[in-house]
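Visitor: Kindly generate the corresponding structure for this input.
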Amino acid sequence: MTSAPYASRERSTKERILGAAEALFATHGFAGASLRQVTAAARVNLAAVNYHFGSKDKLIEEVFRRRLDELNSRRLAALHKVAGKDGTSLEDVLDAYIRPALDLSRTDGGGAAFVRVLARAYAEHNETLRRFLSENYGHILRQFAAEFGRLLPGLAKEEIYWRLDIVTGALTYAMADFGIIQRKSDVAERDHRETAAEHLIRFAAAGMRNPSVSNAPASPR
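Guide: Down below sits the predicted model:
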């Protein structure tokens, strides 16, 4: 039986490795950050990384799993409160999708580094990582798409996925907080995130409600 102090040390070592890897991947990318750099930053030896993760690819996956498991649990909890109900609006479902992600990006929870890691994943087109994310979190997207389909019966399934993909891109940009509108020094981070959420939800709802491109009237010549 594993003793409590030993288990605590194991968790501490694993968390140090994950934290160091997340910070290095955010700065240098997945290919640019070496396991040697990770072990030096986490103050562990290579054997510890191999013991906990087995390989660099598995370490990358666990960096994502550590953040995305919590994020998507919160998303599903929020979705289940509104899904299938007569009074549910499009904004309610978008709120369940958007707000937990913006909360993840807050700096006090260490989420800012993960947002940069997420941006790296989009930029580097890592197919192994793409497959991991699809296999482990694709069902979350499908549940949201199903509720959007219920609320927007005039849109084809493919069109809903196109729009949800675009909303996700806008959300990732908002999470990075690297746009034209920057948080003012006298505005609390929580208030800034709330304002960003409100704007993004309204914007996304307008885009989701727009008639299908194939069904839209032709522009006059």
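
Visitor: Not counting stretch 93-105 itself, show me its contacts.
Guide: Identification of contacts with stretch 93-105 by C-beta atoms under 8 Å, 6 or more residues apart in numbering yields 67, 70-71, 74-75, 78-79, 81-83, 111-112, 114-115, 144, 147-148, 151, 167, 171, 174-177, 193, 196-197, 200-201, 204-205, 208. In this view, the C-beta of every residue, glycine as well, is placed from N, C-alpha and C.

Visitor: Secondary structure element holding the nearest residue to Arg43 once chain neighbours are set aside?
Guide: Excluding the flanking residues, the one nearest Arg43 by C-beta to C-beta, 6 or more residues apart in numbering is Arg16, at 6.9 Å. Applying DSSP states H and E as the criterion places Arg16 in helix 4-32.

Visitor: same for that helix, what does it pack against?
Guide: Other elements packing on helix 4-32 under the criterion 3 or more C-beta pairs under 8 Å, 6 or more residues apart in numbering; DSSP states H and E are helix 35-42, helix 46-52, helix 56-82, helix 111-124.

Visitor: okay, these in a markdown table with distance to Gly138 next?
Guide: Converted to a markdown table, these look like this (distance: least, C-beta to C-beta, whole Å):
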| stretch | distance to Gly138 |
| --- | --- |
| helix 35-42 | 28 |
| helix 46-52 | 26 |
| helix 56-82 | 11 |
| helix 111-124 | 15 |
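
Visitor: CSV please, covering those and showing mean pLDDT and mean neighbour count.
Guide: Output for those, formatted as CSV (pLDDT from 0 to 100; neighbours: other C-beta atoms under 10 Å):
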stretch, mean pLDDT, mean neighbour count
helix 35-42, 96, 17
helix 46-52, 95, 15
helix 56-82, 95, 17
helix 111-124, 84, 18
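
Visitor: Tell me which of those sits nearest to Lys157.
Guide: helix 56-82 (17.9 Å; C-beta to C-beta).

Visitor: Just checking, which helix or strand succeeds that closest one along the chain?
Guide: Next element after helix 56-82 (DSSP H and E): helix 90-104.

Visitor: Can you tell me what sits against the stretch of helix or strand Glu158 belongs to?
Guide: Secondary structure from DSSP H and E places Glu158 in helix 157-176. Taking contacts as C-beta under 8 Å, 6+ apart, the residues outside helix 157-176 that touch it are 94, 97-98, 101-102, 104-105, 115-116, 118-119, 122, 141, 144-145, 148-149, 152, 155, 179, 196, 200, 203-204, 207-208, 212-214.
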